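Student: Just the structure for this:
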Amino acid sequence: MSEEDFNSRVKATVRKLLAKVNRVPFLFVGSGLSMRYMGTENWQGLLEWVCESVGAPMKPFYSYMQRARAEQYDEVNTIYPYITTLMERDFADALGNASMVEWAQQHAHELNQGVSAMKIYIADHLSEAKPDHNNDELHLLQKASHHVAGVITTNYDRLMEDYIFPGYQAYVQQEDLLFSQLTGIGEIYKIHGSVENPESLILNERDYQQLAERQQYLLSKILTIFGEYPIIFLGYSMSDQDIRDIINAIAQCAGTQHTREMSERFIFVEYSAEQEIQTAIYGTERQNVEMTKIATSDFGPIYKAIAATNMKYAPKVLRQITQQLYEAAYSGGKAQSIVFSDLENMDELPQDAEIVVGVGVKGYGKPVASEDLYEDILFHNKNLAVNLVVEEYLERYIPQGGVPMYYYLSQYGDGPLGKKTREEIEQRQCFDDYLSKTQKKTRKNWRDTNRLSEWSIESLRLKFGVNAYKHVTLLKFGEIDLTALEQMIKTTARTMLESGQKLDSDIRKDIRIYDFLKYGIPYLNK
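Tutor: Numbers count the residues shown, from 1 in each chain. Purely as a prediction, here's the structure:
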């Protein structure tokens, strides 16, 4: 069979299955998809990269592997967590390396909070990954994104939420999945954590033990998704331990009949140069699960089939509507007009629909990322609802390293503040409260050696050029000209954003300082 004929058969197979169920699919995404489009490593490759990039006292990866084998670890989901646990101990010792000092200073706050240094290091690495492989195929997936109900993924990176489903609500921590009201529409469930919160990453033995303890509860939250939607597995191998564990757990929870019904809606896509479509029998501890398996090197026909699936409304729009209804039902209140924060897909709504364009006074509009708050503080370009930011997002993001907050608090009025926001205000009463112990020590050393003729934003720019923003913490409170600081960080942030970069930790620190100086001091004085 020619490649063209096979691809046509693949597309027809997927379309027929989706049409039979009459539902758009959920995607279950593994590391193979990130490797395919961003060139990131698999689990072993990631651990090997840590060993090679850090150096002594880290050992060569094979040394950790040999020890794990000697301790009778052999399954993927036991050997790699064990190796990670061993490596974390050596990584902590490696922080004393001259090559690691600057990195450790940049992450002093997280390290002081007790977050695993190796998790932070891995999160930094994966945060830099961008899609630059198989772009034509990736574009097809992006075009199909409006025909995907949601995503479940074990990946840590942000490929899904940043590049393919940017309007979907991402749930990062297990606690978010356990205690949030999930709608099952326009949502991404990152069941192994995410780089934006390094502490959430499921990596070491302790993480997997906690995951095992909560697995039944997590599965019960998403079991309805398996029962209602076709599931397309992408980026996994049929032999992957994660998939075996999940399907085993589903079979145990759902029972024989329901598992059989669900598996009829499963499509397992496996990368292979040997192309075939078959009914794969997947053996679990309790029963055999049959599903459609597609082995192919070209995922394009699958994405085209998804894009051809009819869905009247875009999933993120439906999620907003559903969340609004949940809110009304659980609060005992009355559902207000649904509010949207962008114009995407508005032409898909009925002409007589009651729609408000903008950001609502109440409800769940487009999810606000911490990056949005940093950008909005500088450029006031996000039109965010102040009440929503203060009551929802400050409480969410403050524990993750802090966010600029006084710009919003100054507009919030006298309403009650959340516990974490109140604690943050108590801990950030002056300029020096924004500096870590390491930064204070570095400032003292610099000033003791008189390395600058004067201490000002301008002198930093003359000394360090475009990297001046990395050294604002060398100054003292009275030496910072607010206008000069604002100009410098706006120029730096704009350059980063326009080039597609994320704001790094230094510019984020500067923005929090700027927010305190411009809005925080007047707020506290008031």
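Student: how long is stretch 451-466 from one end to the other?
Tutor: Across its full length, stretch 451-466 reaches 18 Å between end residues, using C-alpha to C-alpha, to the nearest Å.
Student: pLDDT wise, what is the residue located most distally from the centre of the chain at?
Tutor: If you look at how far each residue of the chain sits from its centre, by C-alpha atoms, centre = their mean, the farthest one is Ser453, at 43.6 Å. Among the per-residue scores, Ser453 shows a pLDDT of 76.
Student: Pull the contacting residues for it.
Tutor: The neighbours of Ser453, taking C-beta atoms under 8 Å, 6 or more residues apart in numbering as the test, are Ser459. (Each C-beta comes from the backbone N, C-alpha and C, glycine too.)
Student: Check the one 3 residues further on too.
Tutor: Under the criterion of C-beta under 8 Å, 6+ apart, the neighbours of Ser456 are Leu475, Glu479, Ile480, Asp481, Ala484.
Student: so where do the strands sit in the stretch 101-250 of the chain?
Tutor: If DSSP state E, counting those that start in this stretch is used as the criterion, the strands of the stretch 101-250 of the chain fall at 150-153, 169-171, 187-190, 231-234.
Student: Which secondary structure elements does the third one sit against?
Tutor: Contact partners of strand 187-190 among helices and strands, from 3 or more C-beta pairs under 8 Å, 6 or more residues apart in numbering; DSSP states H and E: strand 150-153, strand 169-171.
Student: Sheet-wise, list the partners of the shortest one with their directions.
Tutor: What that stands for is strand 169-171. Within its sheet, and counting by DSSP bridges, strand 169-171 is paired with strand 187-190 (parallel).
Student: between the strands of the stretch 101-250 of the chain, which gets nearest to Gly96?
Tutor: The closest of these to Gly96 is strand 187-190. By C-beta to C-beta, the value is 32.6 Å.
Student: Just the mean pLDDT for that closest one, thanks.
Tutor: Along strand 187-190, the predicted local confidence has a mean pLDDT of 92.
Student: where's it relative to the chain centroid, distance-wise?
Tutor: Mean C-alpha position of strand 187-190 versus that of the full chain (C-alpha atoms, centre = their mean, to the nearest Å) differs by 9 Å.
Student: got it, and stretch 423-431?
Tutor: Mean C-alpha position of stretch 423-431 versus that of the full chain (C-alpha atoms, centre = their mean) differs by 28 Å.
Student: Can I get it in PDB, CA atoms only?
Tutor: The C-alpha trace of stretch 423-431 is given here as PDB (Å, rounded to 0.1, in the frame of the first residue of the first chain):
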ATOM      1  CA  GLU A 423       0.800  37.400  54.600                       C
ATOM      2  CA  GLU A 424       2.700  38.700  51.500                       C
ATOM      3  CA  ILE A 425       1.800  42.300  52.400                       C
ATOM      4  CA  GLU A 426       3.100  41.700  56.000                       C
ATOM      5  CA  GLN A 427       6.400  40.300  54.600                       C
ATOM      6  CA  ARG A 428       7.000  43.000  51.900                       C
ATOM      7  CA  GLN A 429       7.100  46.200  53.800                       C
ATOM      8  CA  CYS A 430      10.200  47.700  52.400                       C
ATOM      9  CA  PHE A 431      12.600  47.500  49.400                       C
END
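Student: pLDDT (mean, whole number) over it?
Tutor: Stretch 423-431 shows a mean pLDDT of 91.
Student: Next: stretch 408-420.
Tutor: 85.
Student: Check stretch 216-230 too.
Tutor: Averaging the model's pLDDT scores along stretch 216-230 yields 78.
Student: what's it in contact with?
Tutor: The contact list for stretch 216-230 (C-beta under 8 Å, 6+ apart) reads 17-18, 21, 23-26, 149-150, 152, 174, 177-178, 182, 184, 189, 191, 211, 231, 246, 249-250, 253-254, 258, 261-262, 265-267.
Student: who touches stretch 243-251?
Tutor: For stretch 243-251, the external contacting residues (C-beta under 8 Å, 6+ apart) are 30, 77, 215-216, 219, 223, 226, 233, 236-237, 259, 262, 282, 284-287, 289.
Student: just how off-centre is it within its chain?
Tutor: The gap between the average C-alpha position of stretch 243-251 and the chain average comes to 24 Å, counting by C-alpha atoms, centre = their mean.
Student: which of the helices and strands packed on strand 187-190 sits most buried?
Tutor: Per residue and on average, the most neighbours among the helices and strands packed on strand 187-190 fall to strand 150-153, with a mean of 24 (mean count of other C-beta atoms under 10 Å).
Student: could you dump that strand to PDB, C-alpha only?
Tutor: Listed in PDB are the C-alpha atoms of strand 150-153, where the atom choice follows Å, rounded to 0.1, in the frame of the first residue of the first chain:
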ATOM      1  CA  GLY A 150      -9.400  18.800  26.300                       C
ATOM      2  CA  VAL A 151      -6.000  17.200  27.100                       C
ATOM      3  CA  ILE A 152      -4.600  14.900  29.700                       C
ATOM      4  CA  THR A 153      -0.800  14.800  29.800                       C
END
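Student: where's the nearest residue to Thr473 once chain neighbours are set aside, which helix or strand?
Tutor: In space, not counting the residues next to it along the chain, Thr473 is nearest to Gln439; the distance is 4.4 Å by C-beta to C-beta, 6 or more residues apart in numbering. Using DSSP states H and E, Gln439 sits within helix 437-448.
Student: residues of the next helix or strand after that helix that come out buried?
Tutor: If you walk from helix 437-448 toward the C-terminus, the next helix or strand you reach (DSSP H and E) is helix 457-464. Applying a neighbour-count criterion of 16 or more other C-beta atoms under 10 Å, one finds Ile457, Ser459, Leu460, Arg461 buried in helix 457-464.
Student: for stretch 101-113, same thing?
Tutor: When neighbours are counted by 16+ other C-beta under 10 Å, the buried residues of stretch 101-113 are found to be Trp103, Ala104, Gln105, Gln106, His107, His109, Glu110, Leu111.
Student: Mind checking the pLDDT average for that stretch?
Tutor: According to the model, stretch 101-113 has a mean pLDDT of 93.
Student: Stretch 277-295 too?
Tutor: Along stretch 277-295, the predicted confidence averages to a pLDDT of 82.
Student: Endpoint to endpoint, it covers what distance?
Tutor: Taking C-alpha to C-alpha as the measure, stretch 277-295 stretches 6 Å from start to finish.
Student: From the chain's centroid, how far away is it?
Tutor: Its chain's C-alpha centre and that of stretch 277-295 lie 31 Å apart, by C-alpha atoms, centre = their mean.
Student: who's in contact with that stretch?
Tutor: Outside stretch 277-295, the residues within contact range by C-beta under 8 Å, 6+ apart are 9-10, 13-14, 17, 238, 244, 247-248, 251-252, 256, 259-260, 263-264, 266-272, 274-276, 302.
Student: circling back to that earlier point, going by mean pLDDT, which of the helices and strands packed on strand 187-190 comes out lowest?
Tutor: Looking across the helices and strands packed on strand 187-190, the weakest by mean pLDDT turns out to be strand 169-171, at a mean of 89.
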